[in-house]
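K.L.:
sequence and predicted structure, then a few things I'm wondering about:
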Number of protein chains: 6
Amino acid sequence: MPAPQRPDAPRFIDLTYQQVGALPPSTVAVLPLGAIEQHGAHLPVSTDHLVASSVAEAAVATVAESGAAHALLLPGLAYTKSDEHHWAPGTIWLGWETLMATLVDIGRSLAVSPVERLMFVNGHGGNSALGQVACRELHRRFGLKTFFAHSSMPRDQGGGLAPDVDPENGFGVHGGRGETSMVLHLRPDLVHMDLATRQVPERMAQYEHIGFGKAVSFGWTSDDFGPGGVIGDPTGATADHGKVLFEGAVSKVAAAIVEASVFEIG
Amino acid sequence: MPAPQRPDAPRFIDLTYQQVGALPPSTVAVLPLGAIEQHGAHLPVSTDHLVASSVAEAAVATVAESGAAHALLLPGLAYTKSDEHHWAPGTIWLGWETLMATLVDIGRSLAVSPVERLMFVNGHGGNSALGQVACRELHRRFGLKTFFAHSSMPRDQGGGLAPDVDPENGFGVHGGRGETSMVLHLRPDLVHMDLATRQVPERMAQYEHIGFGKAVSFGWTSDDFGPGGVIGDPTGATADHGKVLFEGAVSKVAAAIVEASVFEIG
Amino acid sequence: MPAPQRPDAPRFIDLTYQQVGALPPSTVAVLPLGAIEQHGAHLPVSTDHLVASSVAEAAVATVAESGAAHALLLPGLAYTKSDEHHWAPGTIWLGWETLMATLVDIGRSLAVSPVERLMFVNGHGGNSALGQVACRELHRRFGLKTFFAHSSMPRDQGGGLAPDVDPENGFGVHGGRGETSMVLHLRPDLVHMDLATRQVPERMAQYEHIGFGKAVSFGWTSDDFGPGGVIGDPTGATADHGKVLFEGAVSKVAAAIVEASVFEIG
Amino acid sequence: MPAPQRPDAPRFIDLTYQQVGALPPSTVAVLPLGAIEQHGAHLPVSTDHLVASSVAEAAVATVAESGAAHALLLPGLAYTKSDEHHWAPGTIWLGWETLMATLVDIGRSLAVSPVERLMFVNGHGGNSALGQVACRELHRRFGLKTFFAHSSMPRDQGGGLAPDVDPENGFGVHGGRGETSMVLHLRPDLVHMDLATRQVPERMAQYEHIGFGKAVSFGWTSDDFGPGGVIGDPTGATADHGKVLFEGAVSKVAAAIVEASVFEIG
Amino acid sequence: MPAPQRPDAPRFIDLTYQQVGALPPSTVAVLPLGAIEQHGAHLPVSTDHLVASSVAEAAVATVAESGAAHALLLPGLAYTKSDEHHWAPGTIWLGWETLMATLVDIGRSLAVSPVERLMFVNGHGGNSALGQVACRELHRRFGLKTFFAHSSMPRDQGGGLAPDVDPENGFGVHGGRGETSMVLHLRPDLVHMDLATRQVPERMAQYEHIGFGKAVSFGWTSDDFGPGGVIGDPTGATADHGKVLFEGAVSKVAAAIVEASVFEIG
Amino acid sequence: MPAPQRPDAPRFIDLTYQQVGALPPSTVAVLPLGAIEQHGAHLPVSTDHLVASSVAEAAVATVAESGAAHALLLPGLAYTKSDEHHWAPGTIWLGWETLMATLVDIGRSLAVSPVERLMFVNGHGGNSALGQVACRELHRRFGLKTFFAHSSMPRDQGGGLAPDVDPENGFGVHGGRGETSMVLHLRPDLVHMDLATRQVPERMAQYEHIGFGKAVSFGWTSDDFGPGGVIGDPTGATADHGKVLFEGAVSKVAAAIVEASVFEIG
């Protein structure tokens, strides 16, 4: 699914167990966290899974090509914590207990191998909080060095343009310009631009303290924002913009992987 | 990864949520259950994941091509219940609670959509028992019609040749002739035949009641059978045999999918 | 409850803790798994509990009498995983988590004693899958040698007559000829033959791949098969047939216990 | 196991599901809670199970004979919460989560039937606290009327003689005069009086506030009291005393069952 | 909130971690268990929290002042197991699993420090049973010496006046004379005596075996006793009586703390 | 503990259940989340609990005084998710499952009352991620409007000075200048400035992508940063700076409460 000119990323699962047993501890195992969840009328439910997997794969391939570090791609998790889209057909989501248990089990398993470094590349904002809980848990319980990167920084977590120059006013959280552009770049055949509609909760701009990326966060599900499932404005999305976003993400994640391979605290 | 001449299988996750919402209830969602686990010195840890995914994808593609039923491929689970290989680097396994929770969450999610039929295509013997527990749980709690198929019938569950004509004497349970042949067919570049060695627990043949496929089953982990991780004899494996096994599996699973699309009890 | 001419089986719980502490490691602890669940209008809800307990007790007594091995009867579990009969008054069932937790706790406890071998004698088909999960769990976590035997091999797991010579066509899964005969032998006072009716899901015979004992299993609850709670044909059941089944089961389980007392893998 | 002259108690599990479905709501289902746990060098690990089952059975039989209420015996739980004896071979114990889950599942199951009243007859002091938690849980969640009776009131919960006239000074908590006498009455063949030794924690008498039956309770396991497993003085136990205790318990539990069949709050 | 003339109790949480690390093992950590739950129309939902915290604080202060032992007050748990008042706005309750998990986590944490003795001072009868389960669990798993004291002995657990001289006939379980008097002493501004009404389940006096403080306990929720939320008779409550109760409780708990600091079993 | 000139905050728990039942739905319930955890040699283990409680109390008092909204203070949670300080005596921490269960139970309880709005005021960075998971869970399951505010924005979550003008270079995460100043303002008697030492992980500044407040977060426990428990530089802390921080926090949280009382999505 990633751009075809990319070299293949080396894969953890192509190795035999004895080859895994001989890996250097500096190896960075890279695990994409996607989501299968509604993304409005114009995007496939695979959107986050597609983006996270593609960015992670290309970043690992980039690192491998450069020889700057030893990184291996792990099979990603397609089903993650999409509870905010629970209402929609096509959303397949794990509860927080289930996703945590899965991440803990993966860490517990890796700890049997020499691999000490694990980076999540996350494509779904709804995983960020729990992913950080998991990073600490895996570090504390299994001694793993854990990292949590984003295939695109969520807007409700500080990513994206500054609100004043942003056509979405900082509300491009789900199915908006960025994500739509990414999918237009990666899998244009899956995008229904004729069904893309602007759905920006303008009213929320009035709040000074509470909101996406503001000092006080709030609990929401995507049906709070009206029907349609989009929070943002996909209408201006283009494949060219998606290419820029994608390549930017790949190069940032690749650089982070290299850093992770030598990262030491304190 | 499946043989290139296969048409692509239609994928659930390529749809928008509204398209999922419009699916006919007779749709069969097909979910491969693989495993990432040691498979001896000669096979990749992806073996079961590779086989399950490839068979499921080809079977769904076959059904789609024939028009005999409406089936969609779901993203498979790479990490499943490989507790019997917990000792090996490269095995990444979920505890039974975690895998059950995952399957329950998937079923709970599907129940929001019109899709009422879910078939697991399992490539890892260690999932069979829990998978059947899950099939009942999803049926009871969410009303789903659930099915549990095998990408190759496990030898310890009645599959394979009769012991008297079987070069592995019924012990080809893990990394043996069948699985090795399958991977030689699907991904020959990942097989290290020079490291394939026969490892058959001949001594167990003396037991009349207890054993693989016998009346009384027993609890085991793969390190009970000595070092090496294989239970069986991969030395006679060939790609041609793998092709026969693979195509046989695909056609059986495809036929089962068609049957599942109209299956009614009672 | 078993036939009165049987000698009493030696019981684990008749020992003091110091006597337990002095048992030889080759001792086989035998734990019946019954069920309290609806068995149609003609059989008591104790059916599976009665059969499993009676077979296990008689088998342990047989072994003790023969001196071929050291075996002890443990108190059976009357309440097990009867979720498929959840709809019926009189069914008392544990969820899969609860039953697994129970089996794990029992194994964890046994591991404090010198007893290393534990055989379940199961009378309820709905326990088979989870029981196998438990056998592995207890083996992996506590080092126990675990065995899973059946007081009568479930028809949906390969037991019984071949379908072509079977008056129930392979559908004698619950409350049918075999179980009814067994209870007629063991506790004729509890059988209401006047209420026994044939309830065979003939329609399912049309399916080639999906079905009891076929390649693809399916999730079901007993109310899927219509009211009445029976799946099979009890009308031809006799105490004589039950005696044959019972004595066959006892002698097979007794032989399996002897085998288990010396069983070694690899 | 109970005294042979007793009439048999009517058993819930002898009924068909339709008979259960026709029971009057005033029926009291009686469930013995025993324990399989070390009871010192002189008593079998079945002690609490034996006492609870025998008392419950005889009490239900007494009620049935009298016709004063409709009561049915349920299969007892042999394995319960004996965590305080976890160190001893022969103790088979459930964790508190497992026992609660079991009791909740039983209550959830009963709630499908017309039976609204459930009385536990408990023979193991270590179950009392959790049993009360369960009684409330089953009442709140399933609307059951739940009751918790003792086959002998635990000394650390106010039962037994007043300390000043008590030869065990109130420390006859486990394997002491009362329990030993009960087993001498019920199953003298299982008692090793030659191994019975006095083991009374006299030192604890110095505490005014903390202790068995005092204002402040404390957490203990039985190995806190030294080796041997007894807390009390079994040396003066007799079958005659056991008969008095047993018959007293039976008549109190029988009377409580009758009361429970008409009990209304408020 | 406690009477102002009391000296402040020394607090665990005022220490630095190194000061905690230097505490003597004989230190008694004292943890109040309150509840936030409906207490009728006349008392605040804080009643049990207020009483438990005030008694514990004053008792720790008393001990500190006397120098008889080393005790430290821990932050209390305001939210505990008030499932019997689940129906009422203002009740904030933890499920039994949650409260047990909390107590286990606290014990697991304390075990990292030198402090070996933990006393709960409980103000809510609904916590007593689970608290005792927890005391054993913390003792078994972490080796802590655990104690469970009451800020006032619950009437349904043997506290209070003998029924024959008790104006509430032993039914002063919740929001009755004792609790109301205590709050009149501690926080008279929070008591609405004009709304205090007698609500005594006189009918229950007819039961000989089943009832508060009788041989057989029963599962109840407070709405079983009619609307209003009170079980008892608060109308005769006075601040003077509360002062007596409070000071009595403080002096008993203080004495128990001193005893706990030297308590040894066996 | 807050500055004495503050008016008391109105407290939820001072109300009767009927008063709670009559609250307007716009009421904002405010729940402080503190922590009891090591804070270096110079600060008490109560630091986060003190700060969160004091800010929340003062903010609620401010709102009440202004009449701008209806807000009520709930008892805070002293024990929360301090797993990163698990190694230190004096840290008392809940596992993530326990804290989530607690927050879910609180939300489930509030949902019985008319109160629809719940704001957490968090003083411990380690709670932020899980707190956001909880906010969504409570919103989805119980329909509560949930808000997550900080008593001081964690530096590893974007709070504090820009690194280039920050004497701690952005590493003032735990026990540094800000927190120490706050405690100097609130409880100077508890601060041991003579034991305050600079402990800044300067080496981490070399990483471009991974770090506090950078694009990629990482799993850590506080002992990764060397002994001492501080991450930051408390040496320049002053009560005056603490007063500024405290009053700033109070006024921001008060404003957020007012906003929360009218906040609507979409």
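P.N.:
Now that the structure is in, tell me what you want to look at. Numbers count the residues shown, from 1 in each chain, chains lettered A, B, ... in the order given.
K.L.:
all contacts plus neighbour counts: C-alpha atoms, from now on.
P.N.:
Will do.
K.L.:
could you list the low-confidence segments of chain A?
P.N.:
Residues of chain A that meet the criterion pLDDT under 70 lie in A:1-7, A:153-164.
K.L.:
in it, which spans are strands?
P.N.:
Under the criterion DSSP state E, strands of chain A are mapped to A:28-33, A:71-73, A:117-122, A:145-150, A:217-218.
K.L.:
how about those strands in JSON lines, adding distance to residue F:177 and mean neighbour count?
P.N.:
Listed next are those as JSON lines, based on distance: least, Cα to Cα, whole Å; neighbours: other Cα atoms under 10 Å in any protein chain shown:
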{"stretch": "strand A:28-33", "distance to residue F:177": "35", "mean neighbour count": "26"}
{"stretch": "strand A:71-73", "distance to residue F:177": "38", "mean neighbour count": "26"}
{"stretch": "strand A:117-122", "distance to residue F:177": "31", "mean neighbour count": "28"}
{"stretch": "strand A:145-150", "distance to residue F:177": "27", "mean neighbour count": "26"}
{"stretch": "strand A:217-218", "distance to residue F:177": "25", "mean neighbour count": "22"}
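K.L.:
could you dump those to CSV with distance to residue D:166?
P.N.:
Listed next are the strands of chain A as CSV, based on distance: least, Cα to Cα, whole Å:
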stretch, distance to residue D:166
strand A:28-33, 67
strand A:71-73, 72
strand A:117-122, 65
strand A:145-150, 62
strand A:217-218, 64
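K.L.:
out of those, the one nearest residue C:219 is which?
P.N.:
Ranking those by proximity to residue C:219 (Cα to Cα) places strand A:28-33 first, at 30.3 Å.
K.L.:
helices of the stretch 101-250 of chain A, start to end?
P.N.:
A:128-142, A:177-186, A:239-262 (DSSP state H, counting those that start in this stretch).
K.L.:
quick one: list the elements packing against the last one.
P.N.:
In this structure, helix A:239-262 makes packing contacts with strand A:28-33, helix A:47-66, strand A:117-122, strand A:145-150, helix A:177-186, judged by 3 or more Cα pairs under 8 Å, 6 or more residues apart in numbering or on different chains; DSSP states H and E.
K.L.:
7 Å - rerun?
P.N.:
Contacts defined by 3 or more Cα pairs under 7 Å, 6 or more residues apart in numbering or on different chains; DSSP states H and E place helix A:239-262 against helix A:47-66, helix A:177-186.
K.L.:
so how far is stretch A:189-209 off the chain centroid?
P.N.:
20 Å (Cα atoms, centre = their mean, to the nearest Å).
K.L.:
same check, this time on stretch A:239-257
P.N.:
12 Å.
K.L.:
contacting residues around that stretch?
P.N.:
The contact list for stretch A:239-257, computed with Cα atoms under 7 Å, 6 or more residues apart in numbering or on different chains, reads A:28, A:55, A:58-60, A:62-63, A:149, A:151-152, A:178, A:181-182, A:184-185, F:209-210.
K.L.:
buried residues in it?
P.N.:
Neighbour-count burial for stretch A:239-257 flags A:239, A:241-243, A:245-246, A:249-257 (criterion: 16 or more other Cα atoms under 10 Å in any protein chain shown).
K.L.:
with stretch A:183-196 instead?
P.N.:
A:183, A:184, A:185, A:186, A:187, A:188, A:190, A:191, A:192, A:193, A:196.
K.L.:
how long is that stretch from one end to the other?
P.N.:
Distance between the boundary residues of stretch A:183-196 (Cα to Cα, to the nearest Å) amounts to 13 Å.
K.L.:
let me know whether that stretch sits next to chain B.
P.N.:
Yes. Using Cα under 7 Å from any Cα of the partner chain, we find that stretch A:183-196 touches chain B at residue A:190.
K.L.:
cool, stretch A:101-120 as well?
P.N.:
Yes. Interface with chain B: stretch A:101-120 contributes A:101, A:102, A:105, A:106, A:109, A:110, A:112, A:113 (Cα under 7 Å from any Cα).
K.L.:
so which of these comes closest to chain D?
P.N.:
Each of the residues of stretch A:101-120 next to chain B was scored against chain D by Cα to the nearest Cα, and residue A:101 proved nearest at 18.5 Å.
K.L.:
quick one: residues contacting the closest one.
P.N.:
Here residue A:101 is in contact with residue B:98 (Cα under 7 Å, 6+ apart).
K.L.:
identify the residues contacting the most far-flung residue of chain A relative to its centre.
P.N.:
Most distant from the centre of chain A: residue A:18, at 30.6 Å, with distances by Cα atoms, centre = their mean. Contacts of residue A:18 were listed using Cα under 7 Å, 6+ apart, and they are residue B:41.
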